[in-house]
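> Give me a model of this one.
(2 chains)
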Amino acid sequence: MATTAPATLARGPDVAFIFKKALISGLVALVLFSLMIGVRTEAGPEGQLIYWTRFGDLAAMVGVVFGGSIVIELLRYWWGPVDTIRIIPPSTTKALAVARRGIAPVLLIFTFLVPVIFYDQRYILDLGILVLTYVMLGWGLNVVVGLAGLLDLGYVAFYAVGAYSYALLATNFGLSFWICLPLAGILAAFFGVLLGFPVLRLRGDYLAIVTLAFGEIIRLVIINWQSLTGGPNGISGIPRPSFFGIPLTPGDDGLATKLGIAFSPTHRIVFLFYLILALALLTNWVTIRLRRLPIGRAWEALREDEVACRALGINTTTTKLTAFATGAMFAGFAGSFFATRQGFISPESFTFHESALVLAIVVLGGMGSQLGVALAALTMIGGFELFRGLEQYRMLVFGAAMVLLMIWRPRGLIGHRAPTVFLRHEKVISAELVEDARA
Amino acid sequence: MDYFAQQLINGIVLGSIYGLIAIGYTMVYGIVGMINFAHGDIFMIGGFIALITFLILVSIGLTIVPVILLIVLLVSMAVTALYGWTIERIAYRPLRHSFRLAPMLSAIGMSFVLTNYSQVAQGARVKPVPPIITGGYTLHEGAEGFVVRLSNVQIIVVITTIVLLGIFTWLVAKTRLGRDMRACEQDQTMASLLGVDVDRTISMTFVIGAALAAVAGMMYLLYYGLVDFFMGFVAGIKAFTAAVLGGIGSLPGAMLGGLLIGLIETLWAAYFSTEYKDVAAFSILIVVLIFLPTGLLGRPEVEKV
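Alright, predicted model coming up:
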């Protein structure tokens, strides 16, 4: 091709350069993987360590890196530099805008119909509940990270507080789910303020690490305070939710008997599905409404520039504390839902991985976009389910995806960081004005 | 008193290990301004490499302990340093001018990759090794028969740390590379205008940090006699706490912070409760950041608009 039109086409891919680069990558990979993959250690039968070699795996890995390096270089050549501006035809832009406006209602209607369509497929219903739980957590964390711009790596602590509040209140005092739900939310919000106070002066990375430490402290206390929380064994026998006081059981006072229909265990699953859907939509609705209030605008201002925010007379203390408290409250709701759905909770469900997963959902969703977070939760949890067969590679893929995503689209799939309020008409500086200025 | 003296020794040894890891955090934060979240996992990788090298050397029939230790040290430093270099190249360099949370999130992703990579590659079970260095000295024999001991491993850990810290301080203070590093720390744009290769300097910072973390990993292996794929997480947070406590960006501060964290953790475990020793370490992090955000030896951070 280059010979037919040498004047218009740039030179072809530099084979020698690409090959050299791939060779270097391969060599680096060889050194990196030589000991970690080429040799496998394991404790032998008498407790002493034994090892065996896996040169086949090592060769395969190095080969993959070598080949992958060539492919990446070629792709880079064909796609051109990353920051080239591509001209998208107006028709495509218009179609995309229509799709973007239409997707939220369609998704919502589809979600409402999921229990109807998949009534017999327990697996899909369970998966739906799981996805919705993460959607809710994502929306809750979105208040803290997406709106107020406070990086919170310990969000799972509030989820744990909510779950344990419900579990303890229900098992010790026999309170019903509907009384415990607000209590769990309030308790989690209280913990949010508790965390918020000390970290008020911190920003950015420091804030992230302190919230991480806070999350770990909560988890360690749960593990070690055995008399209250049952320690690593967790709490079991957490009561199931009732339909506003009417239990979902096969007995005479159960909902099925009262409605005069045959009892089925699926009723409870469907009920749980709509329950979490309602909770998630509540989160979404509150967030959208809050964004229009002064406090929501203060959050967005805080995210954009804290110093400017303070200069404009916004009380950053209350702004940060309300963000933490609101986010924590929703995590508390989600936590008590989690406890009632599982019937059993243990500290293992509240590790740092959960925090990172929710944070990844928010970041992938574009930090601040409600729809983006929902789609990201669907992608992430759905993706996790696809990898279920490859249990041990799941987190590996998750981590790698996080790195690649940051490199490829640091603003998330649906970048949406525009403030809710902005000037509708931009002041146009016309040519005459410029000319005047020059004269 | 004897009991206290023994705990003091244990705390200093543990603190030396934390200090070595903390130097990596503090250097990277000083120059790039990001928390290298994957640094704890680099430490873990260093421990694994040391373990595997040790196994291979023993199985080919090498028996002279100092030679084994030296080879293990060099191999694990070299390979782990390459890990540090690669990670910077893949996960951090493309994001250097991105928005401020991007490198942090990329680092968290990298930390997951490393943890699960070693889990997949080496299995999830704890890898124990028999004590490599045995023996020690009895410093004092108490009236109730309580013996204060200083083992050879402890001596080696502390001496290695002191020697490395010496070499490293010299590196930063006297060499060309050290000068470049300090220049980049102050102003990257200006440094590059004056002929400092910023990319290379940052790479070298990661390489040195990873090499020191590898030493810490090897010392951990010698001292505790085991490694597992999950040890990087908690050790990483504690070392970060040490770096913050000493004042982030300050090398002597990192070492001092490491020693303090090691001592606090050991004494807490000895006198209060073993279960809550991590809680104590994390609480210190929070308390320090509230009352002393610049740490013990750090410079105050100027807020620019």
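
> Run through chain B and note the low-pLDDT ranges.
Scanning chain B for pLDDT under 70 picks out B:143, B:145, B:300-305.

> for the stretch 1-150 of chain A, same thing?
For the stretch 1-150 of chain A (pLDDT under 70), the answer is A:1-13, A:80-89.

> cutoff 50 now
The model of the stretch 1-150 of chain A has pLDDT under 50 over residues A:1-9, A:84.

> those strands in it, which residues are they?
Using DSSP state E, counting those that start in this stretch, the strands of the stretch 1-150 of chain A run over A:39-43, A:49-53.

> pLDDT score assigned to the residue nearest the centre of chain A?
What sits nearest the mean C-alpha location of chain A, by CA atoms, centre = their mean, is residue A:361, with 2.2 Å. Per-residue pLDDT puts residue A:361 at 87.

> tell me the contacts of it?
A:134, A:137, A:138, A:141, A:373, A:376, A:377, A:380 (CB atoms under 8 Å, 6 or more residues apart in numbering or on different chains). (Glycine included, C-beta is placed from N, CA and C.)

> does the third one really touch residue A:362, like I thought?
To tie it back to what came earlier, the one meant is residue A:138. Yes - using CB atoms under 8 Å, residue A:138 is in contact with residue A:362, at 5.4 Å.

> quick one: which of those two has more around it?
residue A:138 (32 against 28; other CB atoms under 10 Å in any protein chain shown).

> Tally up the residues packed near residue A:252, please.
Neighbours of residue A:252 (other CB under 10 Å): 7.

> quick one: it from residue A:176, how far?
According to CB to CB, to the nearest Å, residue A:252 and residue A:176 sit 19 Å apart.

> got it, and residue B:279?
33 Å.

> Between these two, which has more neighbouring residues?
residue B:279 (20 against 15).

> contacting residues for residue 40?
All of this is about chain A. A:51, A:52, A:53, A:54, B:121, B:122, B:123.

> switch to chain B, that's the one I care about
So residue B:40 contacts B:21, B:111, B:232, B:233, B:234, B:235, B:236, B:237, B:239, B:240 (CB under 8 Å, 6+ apart).

> One more: residue A:18?
Taking CB under 8 Å, 6+ apart as the test, what residue A:18 contacts is A:70, A:73, A:74.

> try residue B:123
A:40, A:41, A:42.

> May I see those arranged in TSV, with distance to residue B:142 as well?
Formatted as TSV, those follow (distance: CB to CB, whole Å):
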residue	distance to residue B:142
A:40	46
A:41	40
A:42	42
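
> just these now: which is nearest residue A:26?
Set against residue A:26, the nearest of these by CB to CB is residue A:40 (21.5 Å).

> and the residue nearest to residue A:241 when sequence neighbours are not counted, how many residues sit next to it?
The spatially closest residue to residue A:241, leaving aside those adjacent along the chain, is residue A:177, at 4.0 Å (CB to CB, 6 or more residues apart in numbering or on different chains). Look at residue A:177: counted by other CB under 10 Å, it has 22 neighbours.

> got it, and residue A:29?
22.

> Identify the residues contacting it.
A:61, A:62, A:65, A:66.

> Pull up the gap between residue A:90 and residue A:97, please.
Counting by CB to CB - residue A:90 and residue A:97 are separated by 10 Å.

> Do you have the strands of chain B handy? List them.
B:127-128, B:136-141, B:147-151, B:226-227 (DSSP state E).

> Mind checking these for the one nearest to chain A?
strand B:127-128 (5.7 Å; CB to the nearest CB).

> helices or strands next to that closest one in the packing?
Judged by 3 or more CB pairs under 8 Å, 6 or more residues apart in numbering or on different chains; DSSP states H and E, strand B:127-128 is in contact with strand A:39-43, strand B:226-227.

> what ranges do the strands span in the stretch 201-350 of chain A?
Using DSSP E, counting those that start in this stretch, the strands of the stretch 201-350 of chain A run over residues A:235-236, A:344-345.

> Quickly, which of those bottoms out on average pLDDT?
Of all those, strand A:235-236 has the smallest average pLDDT, which comes to a mean of 87.

> What residues does the stretch 301-439 of chain A have near chain B?
Within the stretch 301-439 of chain A, the positions adjacent to chain B are A:305, A:307-308, A:352-353, A:356, A:359-360, A:363, A:392-393, A:395-396, A:398-403, A:405-407, A:410-411 by CB under 8 Å from any CB of the partner chain.

> Output the contacts of residue A:29 in a markdown table; the columns should cover neighbour count and distance to residue B:42.
Listed next are the contacts of residue A:29 as a markdown table, based on neighbours: other CB atoms under 10 Å in any protein chain shown; distance: CB to CB, whole Å:
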| residue | neighbour count | distance to residue B:42 |
| --- | --- | --- |
| A:61 | 21 | 19 |
| A:62 | 22 | 21 |
| A:65 | 18 | 19 |
| A:66 | 19 | 24 |
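
> Give the closest residue to residue A:397 in space, chain neighbours not counted.
Leaving aside its chain neighbours, residue A:397 sits nearest to residue A:387 (6.2 Å; criterion: CB to CB, 6+ apart).

> how about the one you found, phi and psi?
phi -90, psi 10 (degrees, to the nearest 10).

> Can you get me a residue count around it?
With other CB under 10 Å as criterion, residue A:387 counts 15.

> now it: how far from residue B:37?
For residue A:387, the distance to residue B:37 - CB to CB - is 23 Å.

> Inside helices: which ones of the contacts of residue A:29?
A:61, A:62, A:65, A:66 (DSSP state H).

> Run through the residues that contact the first one.
Shown here is residue A:61, whose contacts under the criterion CB under 8 Å, 6+ apart are A:29, A:33, A:37.

> Mind putting these into CSV with distance to residue A:241?
Putting those into CSV (distance: CB to CB, whole Å) gives the following:
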residue, distance to residue A:241
A:29, 52
A:33, 50
A:37, 48
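
> if we take those, which one ends up nearest to residue B:144?
Looking across the contacts of residue A:61 and measuring by CB to CB, the closest to residue B:144 is residue A:37, at 51.8 Å.

> Quick one: residues contacting the closest one.
Contacts of residue A:37 by CB under 8 Å, 6+ apart are A:54, A:57, A:58, A:61, B:121.

> What residues does the stretch 151-300 of chain B have near chain A?
Going by CB under 8 Å from any CB, the residues of the stretch 151-300 of chain B near chain A are B:233, B:237, B:240-241, B:244, B:275-276, B:278-279, B:282-283, B:285-286, B:289-290, B:293.

> Identify the spatial nearest neighbour of residue B:191, chain neighbours not counted.
Residue B:191's closest residue in space is residue B:183 (CB to CB, 6+ apart), at 4.1 Å.

> any idea how far the closest residue to residue B:297 other than its chain neighbours lies from residue B:30?
The spatially closest residue to residue B:297, leaving aside those adjacent along the chain, is residue B:253, at 3.7 Å (CB to CB, 6+ apart). Remark: distance between residue B:253 and residue B:30 (CB to CB) = 10 Å.
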